[in-house]
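Visitor: Pasting the sequence and the predicted model now:
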Amino acid sequence: MASFSKTAGRWFHQLGSPKWFYQKSVKWLPWLWISCLALFAFGLYYSLWASPVDYQQGNSVRIMYIHVPTAVLSMVAYLAMAVCAVIGMVWKMKMSFMAMRALAPIGAAFTLICLFTGSLWGIPTWGTWWEWDARMTSELVLLFLYLGFIALHSSFSDRTKADNAAAILAIVGAINIPIIYGSVKWWNTLHQAYSVTKKGAIDPQMQTPLFIMIAAFYVLFIILVIIRLRLEIMNREAKAKWLQQEVGLGQESNAGANG
Amino acid sequence: MFLTLLKRELMLARRNWVAVLIPLFFFVIVVSLFPFAVSPEAEFLQQIAAGVVWVAALLAVLLSLDLFYRGDFQDGSLEQLLIMASPIQVALSKVTAHWLVTGLPLVLISPLLAGLMHLNYAPNGAVEMNHTPIMMLSLLLGTPTMCLLGAIGMSLSLAASRNGMLVAVMILPLYVPILIFGSSVITASLANSGYNAQIAILAAILLFALVLTPYTTGKALKVAVS
Amino acid sequence: MFLTLLKRELMLARRNWVAVLIPLFFFVIVVSLFPFAVSPEAEFLQQIAAGVVWVAALLAVLLSLDLFYRGDFQDGSLEQLLIMASPIQVALSKVTAHWLVTGLPLVLISPLLAGLMHLNYAPNGAVEMNHTPIMMLSLLLGTPTMCLLGAIGMSLSLAASRNGMLVAVMILPLYVPILIFGSSVITASLANSGYNAQIAILAAILLFALVLTPYTTGKALKVAVS
Amino acid sequence: MSSKQSEPSSYNLEVKGLTISRNEQPLLEDTDLSFNAGSITHLFGENGAGKTSLMRALAGLLPLDSGQILWNQIKNTHPESNFNQDLLFLAHNLAMKHELSIAENLQFYSILRGRKSSLEELSKVAAELQIENLLERHFSDLSAGQQHKVALCRLVLETVKLWVLDEPFVNLDAKTRDWLSAKMMHFAKEGGVVIFTSHQAIEGLKIHQRISLSHSEEEAA
Amino acid sequence: MSSKQSEPSSYNLEVKGLTISRNEQPLLEDTDLSFNAGSITHLFGENGAGKTSLMRALAGLLPLDSGQILWNQIKNTHPESNFNQDLLFLAHNLAMKHELSIAENLQFYSILRGRKSSLEELSKVAAELQIENLLERHFSDLSAGQQHKVALCRLVLETVKLWVLDEPFVNLDAKTRDWLSAKMMHFAKEGGVVIFTSHQAIEGLKIHQRISLSHSEEEAA
Ligand code: HEM
Ligand SMILES: Nc1ncnc2c1ncn2[C@@H]1O[C@H](COP(=O)(O)OP(=O)(O)OP(=O)(O)O)[C@@H](O)[C@H]1O
Ligand SMILES: Nc1ncnc2c1ncn2[C@@H]1O[C@H](COP(=O)(O)OP(=O)(O)OP(=O)(O)O)[C@@H](O)[C@H]1O
Ligand SMILES: [Mg+2]
Ligand SMILES: [Mg+2]
């Protein structure tokens, strides 16, 4: 901690306090929601109406605007989880473990959506909903990693133990992801026997809406994480005095914000 | 200290020698199922041999994990060991014993399975090639990694649940790279192409695991008894 | 009483949704190891699908046995059950719960695996056949037998406290016929040949096991706690 | 070996000509015992004397070499004796699932008795034992004494007529020991039969019958 | 919380500013304790007060939230403190393998201490505890008290300086309790440090320090 600059140190410290986060995050949420909705409105319009139909794939190409962002986020979430695990283990920071726990189901959900949209996309493009393609396969393995993490964490009743054990798993998993990805890719290029319509460069007219959609999903992801983290805090700090006060106060301030 | 611990593990395994045999049995049964279940044709069997032997080995290792960890955890021996020795020593002794008792016999028995799966089959007239040593080498490099990774998973799940499938769910995804490179060593040998790269990668993964996992397993064991 | 016992077993095995899903994850993960090990090509996968799905099912049953029998034995619950109910009831409830919790979900999820393993793959031009229902039928008939036989093995091994696992090893070979007939049902369907004989045999084995094993299991459980 | 009480009573456990052995060595030979309604019996003896073995034989878990056990004049293995429904046997092994919560564990047993105990009943007895906050905790995450307390809750939640308790006072703090003594006396007063073992003397517990076991020879006390 | 003894002594276990918690609830907060050579310390408190947790923290099994544990002025986790070699921790779980014989079980632990105990030594202590006939028996085939006795043999067979005993008197008959008290006092007289918990009063055992733990608040005794 000493090596941190003063402001960074303070930030770190504050983020480590459930109370601080719980109180501040209420104020962030409305802004995040606004930007998220705006990005989605813009992105969806752009991608569903204003972008061209793919000459090969027709309208099914529009699945891409969900598929690709969820694919990106599924991996970002795992990385974030592993980072939280390291911070939690090294600095014994409870808050970091809570974030780790909050990230897991969200990451798993994005992975599932990516797999699902990918499969859906596969039916018109490849004529089958599943191919043992490198990216798809490693996404599947990623899903298994998430499920393993969740299964492990929820098999404990003692939170301290659950956090520590699951953190170790998250870190081990994170070290393995590049290895898994590399191996799957290598394996796949070895068996190139079957036909996948290989893709060319992306049309810039598709690229811009794609970027917007990625941004929109990013913000959505952050919102979901904050909401889950708040739930996690409520769960774990249920006995803390500040939270009991906060729940009373929180309703008032919410009512004020909405009205 | 390591040797004392190792001796203890081996003695316990000898006591439970039948339990130790189960994974081996399982290995043989799973592999020999395929000629019945799939097709007894030598050419076909030869093609799937690599994969089948590897997956069976992997499952056998998985099955045997429980024996080496759960008992010690339940009766409190594990915490005594962790008091008297460092977690890394405990982890290493367990992994070593596990490999000596499960992994090594798998490697040694694999030629039998190579025969069953017609690994060395050559279409009539062709000169017969012997792929068995390559297969053994790949298993020799792969099984220790499986034991090392399995140890992490097992130690993590000890305090959580008695469900043997929890370990599998956590650890099997991590086995994917070993499985891919391991079986492709054999496939490459069958195709008469080079397999040095895969062997090197398997060895690298093993080294990597050897360096990193004992510490992690030790940590996980500490969490389990806390 | 049987229903009460059954309810207990079910509650025990299925205490939260994660625990419900673990055998399913396990089944899916084990099956998806094979494409990595063998080859991802649909034609290939289709041919080994039967064996793979059956081996994975067997493994799931085997790994979950411990949870249902050894756990109760070790913590003293088994003797409590045997005080409160007759041994046959206890045995039957355990087997039923075990099947409902492990066997049945496997059957239900198997179509997904049929997809992953390209079971219904047809080379271009050919009319696509649907082999999934046959596969499900074979598993539906085979998994209960595995649970019943597993129960004997496990309870005998609890009873024979010394080298208890010996009995378990003896049970494992008994699985072989089920595996062979079960997977050959699917193979026959793939080959467009008749599979009624195998189905009949599977059903006969199941009936046979259903009649004979609960009594034996009950006796063995009684011996185990004495 | 037993101090016979000849008053007629509603429930009655009688042991006739009992011989049991472990490792082919007899622990009890041709022994008669009787446990009447309303009585508390203390089995005592050195470690390895055979107290647990006798209890397991009474519970029908250890096969008898000879002799019979009668519950209300009917053999305990006979379904009509209703022995299994009337008996609650707490062993050294607490028979609780480590991976389940306390509430779940206790509910299993009350369901097995034919009546699922409500959450209120559960919380009530848990409160008496100061474990009401732990009902959702996994059994494995309790202290030794708390685990023991959970097992003791069964005495309240299940309606039976015969308690066979193997070392029930072990690991308990003084307050809980008193609670248990009171429960035992109350149960006996209502006509129940209590048989227990203990190596410690329990103050405040009124014991009606003491049976001493000793290695290979038994004597009345 | 502790009654400090200021006499200088050869072995000394000191706890400074210790905070430990379970399930995110603190059991001990910022506590100082000291255990000196030649002293017997009795930890007591209600079920769930944290006695076992404290002992596990002392043994290095439970991670500390803060504070440190010093063995002869050196941190216990430091290899130079030689703490692990000097400590014998007997837990509720007896840490014996059910499938091994008594002799094998005991020998393994003495080997871990660096010196395999001879069969004579084994038989000698077993004879003191009346389990000499059982040395070849599987651990699982013993009565509860006999199993406990086996674990107690370790106190004699292993040469250490600090005993941390969690409920060592449980399940033992009176004779064995006396044996254990005598052993504890002898060990203390020779300069050893003894820390134990017990819910029962032990007659004849001279206790030098009593530490009471209580739920969420601790007080000196
Ligand atoms: C690591 C995770 C993944 C990433 C980063 C990813 C990314 C992408 C991208 C960028 C494209 C557009 C390619 C292009 O048009 O040039 C794409 C297409 C596609 N993806 Fe994914 N994807 C992932 C996982 C999946 C999965 C799991 C599936 C199926 C279950 C899937 C199925 C598809 C299909 C069917 C297409 C269209 C293929 C084509 O145009 O030929 N993807 N993916
Ligand atoms: N393995 C565990 N995991 C989580 N919490 C635990 C665990 N063991 C005990 N606890 C909790 O920690 C607290 C202290 O337990 P501890 O075992 O230290 O009590 P104790 O003083 O030894 O009690 P007893 O006299 O019952 O043995 C209790 O509230 C208990 O619920
Ligand atoms: N599971 C077992 N298998 C074989 N022999 C046993 C078993 N349990 C106990 N014995 C033996 O039977 C005898 C009586 O044991 P039992 O458990 O009945 O003693 P106990 O009076 O309950 O003693 P304790 O006070 O130690 O609990 C002992 O000599 C013991 O060695
Ligand atoms: Mg006893
Ligand atoms: Mg305790």
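Guide: Sure, I can see it. Ligands and ions are numbered 1, 2, ... in the order given.
Visitor: where in chain B is pLDDT low?
Guide: Scanning chain B with the threshold set as pLDDT under 70 gives B:125-128.
Visitor: which stretches of the chain form helices?
Guide: By default, I'm working from chain A. Taking DSSP state H as the test, the helices found in chain A are A:6-15, A:18-45, A:64-91, A:94-126, A:134-153, A:159-190, A:204-236, A:241-258.
Visitor: try again with chain B
Guide: Ranges of helices within chain B are B:2-15, B:17-37, B:42-74, B:77-84, B:87-98, B:104-116, B:132-158, B:164-190, B:196-225, based on DSSP H.
Visitor: Quick check: which of the ones you listed is nearest to C:V185?
Guide: helix B:17-37 (10.1 Å; Cβ to Cβ). Quick note: C-beta positions are derived from backbone N, CA and C, even for glycine.
Visitor: Can you mark which positions in the closest one are buried?
Guide: B:18-37 (16 or more other Cβ atoms under 10 Å in any protein chain shown).
Visitor: Could you see whether chain E lies near that helix?
Guide: No: contact between helix B:17-37 and chain E, assessed by Cβ under 8 Å from any Cβ of the partner chain, is absent, since the two come no nearer than 9.7 Å.
Visitor: how about the residues of the stretch 1-150 of chain A that lie near chain E?
Guide: Contact residues (Cβ under 8 Å from any Cβ) of the stretch 1-150 of chain A with chain E: A:K94.
Visitor: Can you find the residue of the stretch 1-150 of chain A that comes nearest to ligand 5?
Guide: Closest contact between the stretch 1-150 of chain A and ligand 5, by Cβ to the ion, is at A:K92 (25.3 Å).
Visitor: On the pLDDT front, check that residue for me.
Guide: Listed pLDDT for A:K92 reads 84.
Visitor: any idea how far E:S21 is from it?
Guide: As judged by Cβ to Cβ, to the nearest Å, A:K92 and E:S21 stand 12 Å apart.
Visitor: more neighbours, these two?
Guide: Taking neighbours as other Cβ atoms under 10 Å in any protein chain shown, A:K92 and E:S21 compare with E:S21 leading, 17 against 14.
Visitor: host element of that one?
Guide: Here E:S21, judged by DSSP states H and E, is contained in strand E:12-22.
Visitor: Run through who's touching that strand.
Guide: When contacts are defined by Cβ atoms under 8 Å, 6 or more residues apart in numbering or on different chains, strand E:12-22 is touched by residues A:158, A:160, D:141, E:26-37, E:50, E:53-54, E:57-58, E:62, E:64-73, E:162, E:193, E:195.
Visitor: Among the residues you listed, the buried ones, what's the PyMOL command?
Guide: Written as a PyMOL command, the selection of buried residues from the contacts of strand E:12-22, which uses 16+ other Cβ under 10 Å, is:
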select buried, (chain A and resi 158+160) or (chain D and resi 141) or (chain E and resi 27+28+29+31+33+34+35+36+37+50+53+54+57+58+62+64+65+67+69+70+71+72+162+193+195)
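Visitor: Could you list which of the contacts of strand E:12-22 belong to helices?
Guide: Those of the contacts of strand E:12-22 lying in helices (DSSP H): A:T160, E:S53, E:L54, E:A57, E:L58.
Visitor: which one among those gets closest to ligand 4?
Guide: Of those, the one sitting nearest to ligand 4 (Cβ to the ion) turns out to be E:S53, at 27.6 Å.
Visitor: Surely that closest one touches E:L62?
Guide: Yes: contact criterion Cβ atoms under 8 Å: E:S53 and E:L62 qualify, at 5.9 Å.
Visitor: Average the pLDDT values over the longest helix along chain D and round to the nearest integer.
Guide: The longest helix of chain D (DSSP H) is helix D:174-189. Helix D:174-189 comes out with an average pLDDT of 94.
Visitor: Mind listing what's buried along it?
Guide: D:T176, D:R177, D:W179, D:L180, D:S181, D:K183, D:M184, D:M185, D:F187, D:A188.
Visitor: what's the spacing between the fourth one and D:L43?
Guide: Same thing as D:L180. Using Cβ to Cβ, D:L180 is found at 16 Å from D:L43.
Visitor: and if you look at the fifth one?
Guide: Per Cβ to Cβ, D:S181 is found 16 Å from D:L43.
Visitor: Same check on the last one?
Guide: To D:L43, D:A188 is 15 Å away according to Cβ to Cβ.
Visitor: Where does chain D get nearest to ligand 2, which residue?
Guide: D:G145 (2.4 Å; Cβ to the nearest ligand atom).
Visitor: My read is that D:T197 contacts D:F44, right?
Guide: Yes: with contacts counted by Cβ under 8 Å, D:T197 reaches D:F44, the gap being 6.7 Å.
Visitor: For A:G173, which non-adjacent residue is closest in space?
Guide: Spatial nearest neighbour of A:G173, chain neighbours left out: A:L145 (4.7 Å); criterion: Cβ to Cβ, 6 or more residues apart in numbering or on different chains.
Visitor: picking up where we left off before, tabulate the buried residues of helix D:174-189 (TSV), appending distance to C:M135.
Guide: As requested, the buried residues of helix D:174-189 are arranged in TSV below (distance: Cβ to Cβ, whole Å):
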residue	distance to C:M135
D:T176	57
D:R177	61
D:W179	58
D:L180	57
D:S181	62
D:K183	57
D:M184	59
D:M185	64
D:F187	57
D:A188	62
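Visitor: Could you restrict those residues to the ones contacting chain E?
Guide: Contacts with chain E within the buried residues of helix D:174-189, counted by Cβ under 8 Å from any Cβ: D:T176, D:R177.
Visitor: From the buried residues of helix D:174-189, pick the one nearest ligand 5.
Guide: Set against ligand 5, the nearest of these by Cβ to the ion is D:T176 (13.1 Å).
Visitor: contacting residues around that closest one?
Guide: D:L129, D:G145, D:K149, D:L152, E:N47.
Visitor: The fourth one - nearest residue in space that isn't next to it in sequence?
Guide: So the one you mean is D:L152. Closest residue in space to D:L152, ignoring its immediate chain neighbours: D:L180 at 6.3 Å, by Cβ to Cβ, 6+ apart.
Visitor: The second one too?
Guide: In space, not counting the residues next to it along the chain, D:G145 is nearest to E:N47; the distance is 2.9 Å by Cβ to Cβ, 6+ apart.
Visitor: on that earlier part again, please state the offset of the strand holding E:S21 from the chain centre?
Guide: Relative to its chain's centre, strand E:12-22 lies at 16 Å (Cα atoms, centre = their mean, to the nearest Å).
Visitor: could you check whether it is close to ligand 2?
Guide: Yes: using Cβ under 6 Å from any ligand atom, strand E:12-22 reaches ligand 2 at E:R22.
Visitor: Stretch A:228-246 now?
Guide: No: Stretch A:228-246 lies out of reach of ligand 2 by Cβ under 6 Å from any ligand atom, never closer than 14.0 Å.
Visitor: Contacts for that stretch, please.
Guide: With Cβ under 8 Å, 6+ apart as the criterion, stretch A:228-246 contacts A:18-19, A:21-23, A:25, A:94, A:98-99, A:101-103, A:105-106, A:159, A:247, E:24.
Visitor: neighbours around B:P40, how many?
Guide: The number of residues near B:P40, taken as other Cβ under 10 Å, comes to 10.
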